[in-house]
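1. fold the stuff below for me.
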Amino acid sequence: MTPRVTLAIAVRVLTQLRRDHRTLAMLLLVPCLLQALLWWIFWDQPLVFDRIGPALLAIFPFFVMFLVTSITTLRERSGGTLERLFTMPMGRLDFLVGYALAFGAIAAVQAALAAGVAVGLLDLDLRGPDVLLVLVGVVDAVLGTALGLFVSAFARTEFQAVQFLPAIVVPQILLCGLIVPRDRLPRVLERIADVMPLTWAVDAMEHLATTARTGAVWRDLGIVVAFAVAALALGAATLRRRTE
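-> This next block holds a predicted model:
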């Protein structure tokens, strides 16, 4: 991997996103609007929003980044852009890490906006440091980016890329503890939830909401980082230059 090439890829992606106002709005504004909508739904039940709010701060970045990255990568491959890029002195890891850096930068802004709206405007009760809240959101978004890059290799059309949402993302949302606490799940489902990366991102956010101690948060964060690195490695192994 060449740092100069990796940074060039990241700058290129950020430049494209800056010109794509709809995608940029989806990445930065939609998570905030969805949080506000859920706060409105539970406006007379603040304890409910305090319970699900931290989980949503983990779920929204993961979901949005997975969707945008998988479709964007597929477009570049089907349009021949990826094949032209690989005629240059660029490796697969340069491409993947460049994408991860670009979307990580967007994720930092997204996480800061989402945390600001949740804590500052919607009065979400959090006891952990705000910096860690943003950091977990960024790592979670990078995880969604890495998984989106990975699954894009198995799709030939944008519709097929979207079909991975119910296969990869929805089960993690159902089992991460948002709907039912994990310790109340049937034992088999609890074990399955334990090997899903989103579970640990949600766990980190919930620790930040309930305690000022950060040891468990750093443990969960390390697990999410490990999943993201593994997904990037799988993405590098399966990345194709063009759609067959």
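2. give me the contact list for stretch 154-167.
-> 63, 66-67, 70-71, 74-75, 78, 151-152, 238, 243-244 (Cβ atoms under 8 Å, 6 or more residues apart in numbering). In short, each C-beta sits where N, CA and C put it, glycine included.
3. any buried residues in the longest helix along the chain, and which?
-> The longest helix of the chain (DSSP state H) is helix 46-78. Buried residues in helix 46-78, defined by neighbour count with 16 or more other Cβ atoms under 10 Å: 49-74, 76-77.
4. average pLDDT for that helix?
-> On average, the pLDDT along helix 46-78 is 83.
5. tell me where the model's unsure across this protein.
-> The chain contains residues with pLDDT under 70 at 1, 79-90, 239-244.
6. all helices in it, in order from the N-terminus.
-> 3-19, 21-28, 30-41, 46-78, 81-85, 92-115, 130-152, 158-164, 170-175, 187-194, 197-210, 215-238.
7. got TSV for these, with distance to Leu121 too?
-> Listed next are these as TSV, based on distance: least, Cβ to Cβ, whole Å:
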stretch	distance to Leu121
helix 3-19	25
helix 21-28	15
helix 30-41	8
helix 46-78	12
helix 81-85	39
helix 92-115	11
helix 130-152	14
helix 158-164	31
helix 170-175	24
helix 187-194	31
helix 197-210	17
helix 215-238	23
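8. so for Leu124, which of the ones you listed sits nearest?
-> helix 46-78 (4.4 Å; Cβ to Cβ).
9. tilt between that closest one and helix 30-41?
-> 150 degrees (axes from the mean of the first three to the mean of the last three Cα atoms, to 10 degrees).
10. name the helices or strands packed onto helix 46-78?
-> helix 21-28, helix 30-41, helix 81-85, helix 92-115, helix 130-152, helix 158-164, helix 170-175, helix 197-210 (3 or more Cβ pairs under 8 Å, 6 or more residues apart in numbering; DSSP states H and E).
11. before we move on, the earlier item: and the contacts of stretch 154-167 as a markdown table, adding distance to Phe95?
-> A markdown table is the format used below for the contacts of stretch 154-167 (distance: Cβ to Cβ, whole Å):
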| residue | distance to Phe95 |
| --- | --- |
| Phe63 | 23 |
| Phe66 | 18 |
| Leu67 | 19 |
| Ser70 | 15 |
| Ile71 | 16 |
| Leu74 | 14 |
| Arg75 | 14 |
| Ser78 | 16 |
| Val151 | 16 |
| Ser152 | 12 |
| Thr238 | 12 |
| Thr243 | 16 |
| Glu244 | 19 |
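12. relative to Glu190, which of those is nearest.
-> Scanning the contacts of stretch 154-167 for proximity to Glu190, where the rule is Cβ to Cβ, the winner is Phe63, at 22.2 Å.
13. quick one: contacts for that closest one?
-> Per Cβ under 8 Å, 6+ apart, neighbours of Phe63: Gly144, Leu165, Val169, Ile173.
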